[in-house]
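Participant: quick one, structure for this:
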Amino acid sequence: MSRSMALRPLHAEWTKLRTLHSSWWLLAATAVLTVVVGAAAVSAVGTGACPSAADCHEDTVKLSLTGVWLGQATALVLGALSMGAEYGTGTIRTTLTAMPHRVSLLVSKAAVLAAMTAAAGTAAILGSLYAGRLILPGNGFTPEAGYPLPSLADGPTLRAAFGSVLCLTLTALLGLGLAALLRDSTGAITMGLGLLYAVPLLAGVLGDPSWRDRLERWAPMPAGLAVQATRDLSRLPIGPWPGLGVLAAYALGLLLVAGAAFRVRDA
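Facilitator: Numbering: from 1, shown residues only. Next comes the predicted model:
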């Protein structure tokens, strides 16, 4: 297969996704909501009665990245619409006529979606950390008080930033997998949002600490967001990278199942 033939599915998927107006709105919403919510969280927290790091133990990096919690919702919707919109309009038949190799089609769609989400996510994370650097000192979180300003030169901060971009990207792929499996945008968005947000809410109301810890370790959102922690890692229900691995397992596992179904069934 020539290089141009191999790149055809990628070019086609890039053209489709970039010409869909909702894609740009959702990418912009992902970036803006992530930064705004993070800035609001940082602005709302002051050291108060714990002016030193030893007293407060506030994870200012994780606090600055709070907006990822909401940004994942728009990333999920973007992923679901990237596939579900074609089923909704019936253009999936035209797509399969032009590109009958279904696995290549799904892989190309996932690659383009991941690249666009990662670009928006990078802008969102850099904006969130910059907002944290501007706001935190005014709330008493200064280097003199034991709170270094968020910086990518710091290893844990770099890991939290990179992991947060991956969280947004994997969530978009989760939406794509659900839409490819269900062949419906609404169903994929509903199920995806329930998986992301309803399970952590359930963990919050459970009285049994052992079951609460299990849900926080194996539910995709709380597990994935563990990668943002830069302090007191021993207190986490699951470590940063293993937690991100749980989210990756949900997203990539769903894509594999969806790909197998997509390959054998009618459009």
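
Participant: next, the distance between the ends of stretch 218-229.
Facilitator: In stretch 218-229, first residue to last residue: 17 Å (C-alpha to C-alpha, to the nearest Å).

Participant: hmm, who's touching it?
Facilitator: The set of residues external to stretch 218-229 that reach it, using C-beta atoms under 8 Å, 6 or more residues apart in numbering, is 59, 61-62, 65, 68-69, 72, 159-160, 163-164, 166-167, 170-171, 174, 195-197, 199-200, 203, 215-217, 236-244, 246-247, 250-251. Any C-beta I mention is one placed from the backbone N, CA and C, and that applies to glycine too.

Participant: next, the buried residues of the helix or strand containing residue 251.
Facilitator: Take DSSP states H and E as the rule and residue 251 turns out to sit in helix 240-264. Neighbour counts over helix 240-264 (16 or more other C-beta atoms under 10 Å) mark 240, 243-244, 246-248, 250-251, 254-255, 258-259, 262 as buried.

Participant: again with stretch 184-194
Facilitator: Buried residues in stretch 184-194, counted by 16+ other C-beta under 10 Å: 184-185, 188-189, 191-193.

Participant: strands - which of those residues land there?
Facilitator: Under the assignment DSSP state E, those contribute nothing to strands.

Participant: mind putting the residues you listed in a markdown table, pLDDT included?
Facilitator: Listed next are those as a markdown table, based on pLDDT from 0 to 100:
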| residue | pLDDT |
| --- | --- |
| 184 | 91 |
| 185 | 93 |
| 188 | 95 |
| 189 | 96 |
| 191 | 95 |
| 192 | 96 |
| 193 | 95 |
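
Participant: out of these, flag the one nearest to residue 34.
Facilitator: Proximity of the buried residues of stretch 184-194 to residue 34 (C-beta to C-beta) peaks at residue 193, which lies at 16.7 Å.

Participant: now do the contacts for that closest one.
Facilitator: If you count contacts by C-beta under 8 Å, 6+ apart, residue 193 has them with 73, 76.

Participant: quick check: the gap between it and residue 102.
Facilitator: In this structure, residue 193 and residue 102 are 27 Å apart, going by C-beta to C-beta, to the nearest Å.

Participant: got it, and residue 237?
Facilitator: Distance from residue 237 to residue 102, by C-beta to C-beta: 38 Å.

Participant: same check on residue 194?
Facilitator: The span separating residue 194 from residue 102 equals 27 Å under the rule C-beta to C-beta.

Participant: ok, now residue 258?
Facilitator: In this structure, residue 258 lies at 11 Å from residue 102, with C-beta to C-beta as the measure.

Participant: what bits of the protein have low per-residue confidence?
Facilitator: Residues of the chain that meet the criterion pLDDT under 70 lie in 1-6, 46-55, 203-204, 206-208, 266-267.

Participant: go with 80
Facilitator: Flagging of the chain using pLDDT under 80 yields the residue ranges 1-9, 46-57, 97-100, 199-212, 265-267.

Participant: spatially central, which residue of it would that be?
Facilitator: Centroid check for the chain by C-alpha atoms, centre = their mean gives residue 168 as the closest residue, at 1.9 Å.

Participant: which ones are touching the nearest residue to that residue once chain neighbours are set aside?
Facilitator: Distances taken as C-beta to C-beta, 6 or more residues apart in numbering put residue 121 closest to residue 168, at 3.8 Å, once the chain neighbours are dropped. If a contact means C-beta under 8 Å, 6+ apart, then residue 121 has 30-31, 34, 71, 75, 164-165, 167-169 as its contacts.

Participant: equivalent analysis for residue 241, please.
Facilitator: 163, 227.

Participant: do the same with residue 255
Facilitator: The contact partners of residue 255, by C-beta under 8 Å, 6+ apart, come to 106, 110, 173, 176-177, 180.

Participant: ok, so of those residues, who is nearest residue 130?
Facilitator: After measuring the contacts of residue 255 against residue 130 - C-beta to C-beta - the closest member comes out as residue 173, at 26.8 Å.

Participant: secondary structure element for the closest one?
Facilitator: Under the assignment given by DSSP H and E, the secondary-structure element containing residue 173 is helix 155-182.

Participant: which of the residues in that helix are buried?
Facilitator: Judged by neighbour count (16+ other C-beta under 10 Å), helix 155-182 contains these buried residues: 156-157, 159-161, 163-182.
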